[in-house]
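> need coordinates for the following:
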Amino acid sequence: GIGGLTEEVHSAHAHGIGPAGAADWLSAELANLLVDNPRDAALLECTITGPRFVVHHDTWMAITGAPTTVRITAPGAAPMTLSTNADDARVHALRAGTTVQIGAAQRGCRMYVAFPGGVALPPVLGSRSALRRAGIDGPAGRALVAGDTLPLAPGVHAPRERRATVVAAACAAAVAWLVR
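Here you go, the predicted model:
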């Protein structure tokens, strides 16, 4: 199901809480860079299978990490199904009312969904990262469930397509190098 919100790798050892953050930090950073966010902006981490959600305002979205299928249904348009993979990371424009269904991971287990400006939640102990074993998770202090609403940062510009393409190509090459 849905993992939780994640930000930078963060530690609050002084409070007895260990490190938290993205399990696949490279994919999380790539998702944020694709939508022109700072590398540590809060985003959604999905484990094994992705969520189904509706966007209430026009926005952009990047999905990185484990390859999966994504079904995007915009109001008044035929559903569009696409596959994601590390070699072809891109940004998707979403109109208000669009439904997005992210499928199961086909290889690996973590997928990252970023929106321009990030998910707008207040930090807990200096971070918006989830850490279930410490009871820090999601907007209601628990894992996300059907019906939850995540606030996105307001008034954020569209990502620059050229930069997104260059970053995606550079990160895909870095991933290939790291795996060898």
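
> all contacts plus neighbour counts: C-alpha atoms, from now on.
Fine.

> just say helix, strand or coil for residue 28.
Three-state call for residue 28 (DSSP: H, G, I helix; E, B strand; the rest coil): helix.

> which element is the nearest residue to it once chain neighbours are set aside on?
Leaving aside its chain neighbours, residue 28 sits nearest to residue 112 (5.7 Å; criterion: CA to CA, 6 or more residues apart in numbering). Residue 112 belongs to strand 110-114 when assigned by DSSP states H and E.

> residues in contact with that strand?
23-24, 27-28, 31-32, 35, 42-48, 50, 61-67, 105 (CA atoms under 8 Å, 6 or more residues apart in numbering).

> just stretch 50-60 next, same as before
By CA under 8 Å, 6+ apart, the list of residues contacting stretch 50-60 reads 1-2, 35, 91-105, 111, 115-116, 158-159.

> and the strands in the chain?
Assigned by DSSP state E, the strands in the chain fall at 2-6, 10-12, 17-20, 43-47, 52-54, 59-65, 68-73, 80-84, 91-94, 99-102, 110-114.

> parallel or antiparallel, list what pairs with the longest one.
Strand partners for strand 59-65, identified by DSSP bridges, are recorded as strand 91-94 (antiparallel), strand 110-114 (antiparallel).

> that older thread, taking the contacts of strand 110-114, please make a PyMOL selection of just the buried ones.
The PyMOL selection below is limited to those of the contacts of strand 110-114 classed as buried (16 or more other CA atoms under 10 Å):
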select buried, resi 24+27+28+31+32+35+42+43+44+45+46+47+48+50+61+62+63+64+65+66+67+105
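
> could the strands of the chain go into CSV alongside distance to residue 153 and mean pLDDT?
Output for these, formatted as CSV (distance: least, CA to CA, whole Å; pLDDT from 0 to 100):
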stretch, distance to residue 153, mean pLDDT
strand 2-6, 14, 52
strand 10-12, 21, 52
strand 17-20, 22, 59
strand 43-47, 11, 89
strand 52-54, 16, 93
strand 59-65, 10, 93
strand 68-73, 21, 94
strand 80-84, 25, 88
strand 91-94, 15, 91
strand 99-102, 19, 95
strand 110-114, 11, 93
